[in-house]
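*Asks:* All I have is the shape, not the residue letters:
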Ligand code: GDP
Ligand code: MN
């Protein structure tokens with residue numbers, strides 16, 4: 001995506017523009033991604049989903065596991081280190097007692113969870129995942145994504161998983177391994193095994209990890225993903241390779257043939273104005289200034305935002321009407337812009 005590959009020194013690009021990427025691509029909750037993974041034979045923990053604390057308690061009992069992990073479901077990473085406005089610390093909790101699952105769920109559901117990746121007020125938690133916890137002896141990072149410099153999919157992995165991968169890339173770039181995938185050939189055996197070895201899987205675990213990598217790639221293709229990220233891809237003391245976390249982004253252009261996947265989008269974390277814009281096929285991103293932008297084409301829209309900024313103003317939005325726009329869309333676009341209370345005020 002253009003917006004993310006701009007050098008950080010690029011002049012006056014409104015920082016909010018980096019939001020374009022997650023909003024443009026469908027993003028599912030962890031439990032939804034894990035359902036898709038299960039269907040592709042990827043190893044994930046047994047889990048249930050709950051919307052209330054009593055459901056969470058029931059689920060914890062039903063799991064009948066030695067240990068349970070309770071995970072807040074929001075479309076942002078860093079949940080483990082997040083904080084709720086109920087005072088509870090951590091969006092991921094392990095416990096052996098189902099009753100504790102009920103108590104913790106009570107402090108998660110209906111409260112906002114703030115993490116490094118959310119806006120500062122956080123995101124309201126409406127669903128929790130109740131899963132069988134497994135011991136983890138080692139955490140690695142693995143992802144498959146579409147990469148412009150490779151003109152296709154690329155695998156990215158690191159034996160240093162579980163943590164912020166950007167930090168690993170910055171401080172120990174030699175621990176990030178890449179493997180370009182030929183879209184026609186798919187992931188070759190030697191590639192999957194080399195990646196598994198680079199991730200630090202030894203002995204029989206190497207084959208198992210390579211097998212998981214291939215299944216994750218099959219899923220990547222099958223659902224038209226732009227990114228499949230597993231952090232951590234872990235190993236257990238019993239010798240199992242397991243995907244402990246899951247984040248999948250989808251290509252919006254594939255919506256017509258991925259109806260089941262797109263039907264899972266509950267939109268509850270989407271901005272209502274942006275949803276209204278999407279309904280009319282307008283690319284609208286709300287910003288915090290007071291000058292409305294009404295522009296035809298993403299490049300020109302960005303340049304317009306920059307020029308406003310350069311002259312000391314602040315754009316109220318980014319709006320790309322797109323090519324071939326019809327009268328009705330122009331009308332709807334004006335409605336969106338004029339409905340924004342910040343537009344035309346002095347700020
Ligand atoms: P994130 O913080 O949003 O990335 O959420 P994760 O699903 O990655 O969970 C955060 C951390 O919790 C992981 O890196 C693990 O260290 C830990 N964790 C998650 N599930 C389990 C589990 O089943 N067992 C153990 N022992 N740790 C877990
Ligand atoms: Mn994670």
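*Replies:* Perfect, thanks for sending it. All values reported here derive from a predicted model rather than from experimental measurement. Ligands and ions are numbered 1, 2, ... in the order given.
*Asks:* Ligand 1 contacts on the stretch 101-250 of the chain?
*Replies:* Applying C-beta under 6 Å from any ligand atom, one finds that the stretch 101-250 of the chain approaches ligand 1 through 133-136, 139, 162, 231-232, 244-245. Using the backbone N, CA and C atoms, a C-beta is placed for each residue, glycine as well.
*Asks:* now do 5 Å
*Replies:* Contact residues, the stretch 101-250 of the chain versus ligand 1 (C-beta under 5 Å from any ligand atom): 133-134, 136, 162, 232, 244-245.
*Asks:* restrict these to contacts with ligand 2.
*Replies:* residue 245 (C-beta under 5 Å from the ion).
*Asks:* Please report the distance of residue 300 from residue 110.
*Replies:* 43 Å (C-beta to C-beta, to the nearest Å).
*Asks:* Mind checking which of the residues of the stretch 101-250 of the chain next to ligand 1 are in strands?
*Replies:* Judged by DSSP state E, these include residue 232 as members of strands.
*Asks:* would JSON lines of the residues of the stretch 101-250 of the chain next to ligand 1 with distance to residue 277 be doable?
*Replies:* What follows is these, written out as JSON lines (distance: C-beta to C-beta, whole Å):
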{"residue": "133", "distance to residue 277": "41"}
{"residue": "134", "distance to residue 277": "42"}
{"residue": "136", "distance to residue 277": "42"}
{"residue": "162", "distance to residue 277": "37"}
{"residue": "232", "distance to residue 277": "36"}
{"residue": "244", "distance to residue 277": "36"}
{"residue": "245", "distance to residue 277": "31"}
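*Asks:* Widest-spaced pair of the residues of the stretch 101-250 of the chain next to ligand 1?
*Replies:* 133 and 162 (14.6 Å; C-beta to C-beta).
*Asks:* Quick check, pLDDT for the closest residue to ligand 2 within the chain.
*Replies:* Closest residue of the chain to ligand 2, C-beta to the ion: residue 245 (3.5 Å). The confidence metric pLDDT takes the value 97 at residue 245.
*Asks:* and the residue nearest the centre of the chain, what is it in contact with?
*Replies:* In the chain, the residue lying closest to the centroid (C-alpha atoms, centre = their mean) is residue 247, at 4.9 Å. For residue 247, the contact set (C-beta atoms under 8 Å, 6 or more residues apart in numbering) comprises 27, 30, 33, 77, 227-231.
*Asks:* try 10 Å
*Replies:* 27-30, 33, 75-77, 143, 227-231 (C-beta atoms under 10 Å, 6 or more residues apart in numbering).
*Asks:* and what of residue 214?
*Replies:* 41-42, 186-189, 191-192.
*Asks:* still on that earlier bit, name the residues linked to the residue nearest to the centre of the chain by a beta bridge.
*Replies:* residue 229 (DSSP bridges).
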